[in-house]
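Chemist: Sequence first, then the predicted structure, then my questions.
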Number of protein chains: 2
Amino acid sequence: MPEIAVLTETELRRVVALELELVDVIEDAFRALAGGEVVMPPILSMDLPMVNGEVDVKTAWIPGFDGFAIKVSPGFFDNPQLGLPSLNGLMILFNAKTGLVDALLLDNGYLTDIRTAAAGAVAARHLAPETVTTAGVIGAGVQARLQLQAAHLVRPFERVLVWARDRDRALACAGDLETALGVAAEAAASPEEVVRGSELVVTTTPSREPLVRPDWLHPGLHITAMGSDQDGKNEIDPTAIAAADLYVADRLSQCGTAGEWQAVLAAGMDGGKTPPELGAVIAGDATGRESGRDVTIVDLTGTGAQDTAIATHALKRARAAGAGSVINT
Amino acid sequence: MPEIAVLTETELRRVVALELELVDVIEDAFRALAGGEVVMPPILSMDLPMVNGEVDVKTAWIPGFDGFAIKVSPGFFDNPQLGLPSLNGLMILFNAKTGLVDALLLDNGYLTDIRTAAAGAVAARHLAPETVTTAGVIGAGVQARLQLQAAHLVRPFERVLVWARDRDRALACAGDLETALGVAAEAAASPEEVVRGSELVVTTTPSREPLVRPDWLHPGLHITAMGSDQDGKNEIDPTAIAAADLYVADRLSQCGTAGEWQAVLAAGMDGGKTPPELGAVIAGDATGRESGRDVTIVDLTGTGAQDTAIATHALKRARAAGAGSVINT
């Protein structure tokens, strides 16, 4: 009788953490994505304005992985009024050779949170300057915290600058990062102060107006823009992307419709170029940072390949730990 | 602590059957689809030629329903060599207002099987002639059996004709239908014999070459074509569709890329017309059969609306019966 493993969020939090091993797992997924044998269909996206909600479904089949995940991410933005979180969801892990369900990962978005942060660390590992003293973050939510925790694994910076529209939230985020990383952290007065004062910047907002201006760029800056994941979102002024030495997409087809590359295309500033993808930089098939003085920008929209990678990793960890329960079907 | 209901295939088979109440549930879904307030994104489809597999994801949000389903249907066609079924899958039922997971329906495709057959009954109820003496089926698989069982609920015919390429399978199917429905059933010598000898015909094959020719059409014939669900599949000669008095799509946008309407468009035989959808016929917004002598053809590709309808119905039935188990998340 086939068995399906079931892991709840609590059980998943016990067995999978945001650590270097996870960064390696996500890096492998990007490397595979560059190999061209990955099958990753466009995101299924359902807008539900009548209930102030949206649902995204992502998936990817990666050669060499035992399974493939289908991830469903609902966002229902009136939930806080009911005392419920806006973001939820689960991953279903299927056997890569038979299509049978291997596991239900009832993570409520936890695995998405940490695989997204891990992708930021992969980007920083391959594109940030060797030495980062100050890391900045724009935004003060869950990803602001997780992105800097992930980046600290690969670039152990000493100081953090946080900017958010709401200064109290920026202060709280700085406080949390100080505690989590044992670094000095402060709330900055402006996005400009963050960008000018940091070698590594992560933007984590749902902004629809650019927050980062081209004249703030400085030699030896790396920016990871991970907030934009939908039509119309934009954190980085397209002029800044055009002015950078290198722009790298996680998946160019997604970045052009959901990431920062949208605004570049809309402004006609792509210069007829096809930018490299992160996987190609990792695999050595595309040129990355060429000097400590380069300005690099990575655009992360989130890929189904990351979901497949973390889901297979989580199941492996859970089995090794004897965690979770089983449904006999 | 939020609870998620879990129903296995065995439990689902106990609480949901192919019966008139289910036909009504599926009819309601088609009626809602005609209302225009349904949100039903295009099918996410992933071809996996390296493992002879494919995965489809369907969903729809229907106003007035408590939940919406996301259905994942993997088809891995080397599975029989491993002693496993080719088709599997599950439905996840989300709360329509909060996006939280309400239920996991681990049906291995059972709910898809019966909601597909129920759609055939809905089509027959609204478009077949009032009296059907002989029903024919082309194909001899699971759907051949279920489609005729469903049609019998709304058009209690007395005789069945079955044709399939493999005569032994046709004989087995005829035998099963004789037992299940208490009617006379025989294997026909050709698709022509089935079409000419029946008032109601269901085509249930994965054919890529038309099996039904225009010169076999006769007054008072209704055909439900449910086999085509992918680019390149085609059961009915486009000339036959052009010659029919009425062609009805379950969802025109799907039929034009995955159903019989593809071949009509490719042959330039659409005559610039926009055919009606089944929901509009049910709602009385489009004209259905106008006389007992009309030839009508319905094209069923399968909709996410049917999945949402059967999933909410299944959960309601399971709760009433106290069936299934619960995961505390």
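Modeler: Everything's here; your move.
Chemist: from what I can see, A:Glu130 looks like it's in a strand, true?
Modeler: No - counting by DSSP: H, G, I helix; E, B strand; the rest coil, A:Glu130 is not found in a strand; it is coil.
Chemist: what's the spacing between it and A:Met226?
Modeler: A:Glu130 is 22 Å from A:Met226, where distance means C-beta to C-beta, to the nearest Å. From N, CA and C alone the C-beta is placed, and that goes for glycine too.
Chemist: out of those two, which sits in the busier spot?
Modeler: A:Met226 (28 against 9; other C-beta atoms under 10 Å in any protein chain shown).
Chemist: That one - nearest residue in space that isn't next to it in sequence?
Modeler: A:Leu300 (4.2 Å; C-beta to C-beta, 6 or more residues apart in numbering or on different chains).
Chemist: what number of residues lie near that neighbour?
Modeler: 29.
Chemist: now A:Ala170: how far from A:Glu235?
Modeler: Counting by C-beta to C-beta - A:Ala170 and A:Glu235 are separated by 16 Å.
Chemist: Which secondary structure state does A:Ala17 sit in?
Modeler: Under three-state DSSP, A:Ala17 comes out as coil.
Chemist: Excluding chain neighbours, what is closest to it?
Modeler: Per C-beta to C-beta, 6+ apart, closest to A:Ala17 is A:Ile114, 7.4 Å.
Chemist: in the stretch 51-200 of chain A, which spans are helices?
Modeler: A:110-127, A:142-154, A:167-181, A:191-197 (DSSP state H, counting those that start in this stretch).
Chemist: got the domain boundaries for chain A?
Modeler: If you go by automatic domain parsing, the domain ranges for chain A are A:3-112+A:305-328, A:123-302.
Chemist: show me what contacts the spatially most central residue of chain A?
Modeler: With distances taken as C-alpha atoms, centre = their mean, A:Thr116 lies nearest the centre of chain A, 2.8 Å away. Taking C-beta atoms under 8 Å, 6 or more residues apart in numbering or on different chains as the contact definition, A:Thr116 lies against A:143, A:146-147, A:226, A:300, A:302, A:306.
Chemist: Return the member of those residues nearest to B:Pro156.
Modeler: A:Gly302 (53.2 Å; C-beta to C-beta).
Chemist: Just list what the top strand by length along chain A packs against, helices and strands only.
Modeler: Criterion DSSP state E: the longest strand present in chain A is strand A:67-76. Under the contact definition 3 or more C-beta pairs under 8 Å, 6 or more residues apart in numbering or on different chains; DSSP states H and E, strand A:67-76 sits against strand A:53-60, strand A:90-95, strand A:101-106, helix A:304-321, strand B:90-95.
Chemist: now the angle from that strand to strand B:101-106?
Modeler: Taking axes from the mean of the first three to the mean of the last three C-alpha atoms, to 10 degrees, one finds strand A:67-76 and strand B:101-106 inclined to each other by 150 degrees.
Chemist: how far out from the middle of the chain is strand A:67-76?
Modeler: 15 Å (C-alpha atoms, centre = their mean, to the nearest Å).
Chemist: pLDDT of it, averaged?
Modeler: Averaged across strand A:67-76, pLDDT comes to 97.
Chemist: Just name the most buried of the helices of the stretch 51-200 of chain A.
Modeler: Of all these, helix A:110-127 has the most neighbours on average by mean count of other C-beta atoms under 10 Å in any protein chain shown, namely a mean of 25.
Chemist: from the chain's centre, how far out does that helix sit?
Modeler: For helix A:110-127, the distance to the chain centre is 5 Å (C-alpha atoms, centre = their mean).
Chemist: any idea of the angle that helix forms with helix A:304-321?
Modeler: Using the same axes, to 10 degrees: helix A:110-127 against helix A:304-321 is 110 degrees.
Chemist: CA atoms of the host helix or strand of A:Ile282 as CSV?
Modeler: Element membership for A:Ile282 (DSSP states H and E) is helix A:278-283. Provided in CSV are the C-alpha atoms of helix A:278-283 (Å, rounded to 0.1, in the frame of the first residue of the first chain):
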residue,chain,number,x,y,z
LEU,A,278,22.1,33.2,-12.1
GLY,A,279,22.6,29.5,-12.9
ALA,A,280,24.8,30.3,-15.9
VAL,A,281,27.0,32.5,-13.6
ILE,A,282,27.2,29.7,-11.1
ALA,A,283,28.1,27.1,-13.8
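Chemist: Pull out the buried residues from that helix.
Modeler: Across helix A:278-283, burial judged by 16 or more other C-beta atoms under 10 Å in any protein chain shown covers A:278-282.
Chemist: As CSV, the residues you listed with distance to A:Asn95 and pLDDT would be great.
Modeler: CSV is the format used below for the buried residues of helix A:278-283 (distance: C-beta to C-beta, whole Å; pLDDT from 0 to 100):
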residue, distance to A:Asn95, pLDDT
A:Leu278, 28, 98
A:Gly279, 24, 97
A:Ala280, 29, 97
A:Val281, 31, 98
A:Ile282, 27, 98
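Chemist: wait, which of the residues you listed is closest to B:Lys71?
Modeler: A:Gly279 (30.5 Å).
Chemist: which non-adjacent residue is nearest that closest one?
Modeler: Nearest non-adjacent residue to A:Gly279, counting by C-beta to C-beta, 6+ apart: A:Ala34, 3.0 Å away.
Chemist: Distance check, that neighbour against chain B.
Modeler: Using C-beta to the nearest C-beta, to the nearest Å, A:Ala34 is found at 17 Å from chain B.
Chemist: Would you mind measuring from A:Glu21 to chain B?
Modeler: Plainly put, A:Glu21 is 26 Å away from chain B if you go by C-beta to the nearest C-beta.
Chemist: Just the element for that residue, please.
Modeler: helix A:20-35.
Chemist: so that helix versus helix A:110-127, what angle?
Modeler: 70 degrees.
Chemist: Return the set of buried residues in helix A:20-35.
Modeler: Neighbour-count burial for helix A:20-35 [16+ other C-beta under 10 Å]: A:22-23, A:25-34.
Chemist: returning to what we had before: could you export the helices of the stretch 51-200 of chain A as CSV, including mean pLDDT?
Modeler: Output for the helices of the stretch 51-200 of chain A, formatted as CSV (pLDDT from 0 to 100):
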stretch, mean pLDDT
helix A:110-127, 98
helix A:142-154, 98
helix A:167-181, 98
helix A:191-197, 98
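Chemist: what bits of chain A have low per-residue confidence?
Modeler: Low-confidence segments of chain A (pLDDT under 70): A:1.
Chemist: So A:Met46 sits against A:Val55, correct?
Modeler: Yes - using C-beta atoms under 8 Å, A:Met46 is in contact with A:Val55, at 4.5 Å.
Chemist: which one of those two has more residues nearby?
Modeler: A:Val55 (24 against 19).
Chemist: so who does the residue nearest to A:Gly279 touch?
Modeler: A:Ala34 neighbours (C-beta under 8 Å, 6+ apart): A:277, A:279-280, A:282-283, A:285.
Chemist: And A:Asp229, by the same measure?
Modeler: A:258-259, A:301-302.
Chemist: Which ones among those residues lie within helices?
Modeler: A:Ala258 (DSSP state H).
Chemist: Reformat the contacts of A:Asp229 as JSON lines; add distance to A:Asp270 and neighbour count.
Modeler: JSON lines is the format used below for the contacts of A:Asp229 (distance: C-beta to C-beta, whole Å; neighbours: other C-beta atoms under 10 Å in any protein chain shown):
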{"residue": "A:Ala258", "distance to A:Asp270": "16", "neighbour count": "22"}
{"residue": "A:Gly259", "distance to A:Asp270": "13", "neighbour count": "29"}
{"residue": "A:Thr301", "distance to A:Asp270": "16", "neighbour count": "28"}
{"residue": "A:Gly302", "distance to A:Asp270": "22", "neighbour count": "23"}
